[in-house]
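**Q** please work out how this folds:
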Amino acid sequence: MYEIYNLDYQQASNLLSPPSKRQPVWLAFLNACLSPIQWLHDLVFTDYANGSAAPIYVSSNTYNVGDRVQYTDFAVYELINALPTVTTGIDISPVNNAYWYKALDNFIGLRERIRYNSQQLVLEYALNHFFGTNFVQPGSWGAYTYPDSLVVASDYLAKSDIYIERLFVDTDGFMIGSSEEQSSDINATDTAYFNNCIATSYTLGSQYNFIIYIPQSLATSLGSSYAGTVQSFADQYVVYGMIYKVIPYS
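**A** Modelled structure (predicted):
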């Protein structure tokens, strides 16, 4: 399906050049002229579409021009200028645009991301993939330590590192009158004695539809704003109106 987007500009220039011009010097010149276009083509139709397998950035590693890394913001950066030999007092991390170019906002490809949705299994996979944690297929058996309490079959099932717990939502959150005698008549356009039976304001407790549990180690690595970081990704796929919270576990 995607083969129509596969285009090798070097091969195309070699085939389209007149036979008399297919000399190494001319072909090298054409390839040099077309290399920026090839770079843009690969960036869009390969990396942006299919995702990037760039390694995690490590400050102690040596990088060469053209190398790509994944940084803490889950974006992909490409080194465009050689890093200085002496780096004392110099920020050479990917956020320094004097040395790095932000090639992709997200290391996960578009063709995968468009398949994400708010279904529990799909969202669990998406969260674990994005944050680099372990996803476990449903029904997989895991290690279990016997407690003193009764053991049930579900206790043997392994969970993904990031997993979702669905919660029951009590919909009985609105009341007109505590009894029939204390309720007012409801008409087409108004209601009688509403001030006597309907308060001017209500305080209803927040009810969550589900909880996203993340490992404590991940929460620590994300920092104090771990909940916002997880929510910024999950909000792209959670159905509008669903309320949830993020809780770390040990």
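
**Q** could you pull up the residues touching the nearest residue to Ile212 once chain neighbours are set aside?
**A** Setting aside the residues directly before and after it, Ile212 is nearest to Val246 in space (CB to CB, 6 or more residues apart in numbering), at 4.9 Å. Where C-beta positions appear, they are placed from N, C-alpha and C, glycine not excepted. Contacts for Val246 were tallied using CB atoms under 8 Å, 6 or more residues apart in numbering; they are 211-214, 226-227, 230-231.

**Q** could you look up the SS state of Val246?
**A** With DSSP: H, G, I helix; E, B strand; the rest coil as the basis, the three-state label of Val246 is strand.

**Q** quick one: the longest helix seen in the chain to chain centroid distance?
**A** Longest helix in the chain, counting residues (DSSP state H): helix 24-42. Centre-to-centre, helix 24-42 and its host chain are 34 Å apart (CA atoms, centre = their mean, to the nearest Å).

**Q** surely Leu7 touches His41?
**A** Yes - at 6.1 Å, Leu7 counts as touching His41 under the criterion of CB atoms under 8 Å.

**Q** compare those two (neighbour count), which wins?
**A** Between Leu7 and His41, counted using other CB atoms under 10 Å, His41 has the larger neighbour count: 16 against 13.

**Q** hang on, the earlier thing: right, and the helix or strand after the longest helix of the chain?
**A** Using DSSP states H and E, the next helix or strand after helix 24-42 towards the C-terminus is helix 49-50.

**Q** how does this structure divide up, domain by domain?
**A** Following automatic domain parsing, one finds the domains of the chain at 3-110, 116-249.

**Q** pick out the shakiest of these, pLDDT-wise.
**A** In terms of mean pLDDT, the lowest-scoring of these is domain 116-249 (a mean of 79).

**Q** now do the end-to-end distance for that one.
**A** 25 Å (CA to CA, to the nearest Å).

**Q** do stretch 12-31 as well
**A** Counting by CA to CA, you get 10 Å between the two ends of stretch 12-31.

**Q** now do stretch 227-244
**A** 11 Å.

**Q** how about stretch 221-230?
**A** 12 Å.

**Q** which residues touch it?
**A** 127, 131, 212, 214, 218-220, 245-246, 248.

**Q** pull out the buried members of those.
**A** Applying 16 or more other CB atoms under 10 Å to those, the neighbour count classes 127, 131, 212, 214, 218-219, 246, 248 as buried.

**Q** redo those residues as a markdown table? Include secondary structure and distance to Ile108.
**A** Below are the buried ones among the contacts of stretch 221-230 laid out as a markdown table (DSSP: H, G, I helix; E, B strand; the rest coil; distance: CB to CB, whole Å):
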| residue | secondary structure | distance to Ile108 |
| --- | --- | --- |
| Leu127 | helix | 11 |
| Phe131 | helix | 11 |
| Ile212 | strand | 18 |
| Ile214 | strand | 18 |
| Leu218 | helix | 17 |
| Ala219 | helix | 21 |
| Val246 | strand | 20 |
| Pro248 | strand | 23 |
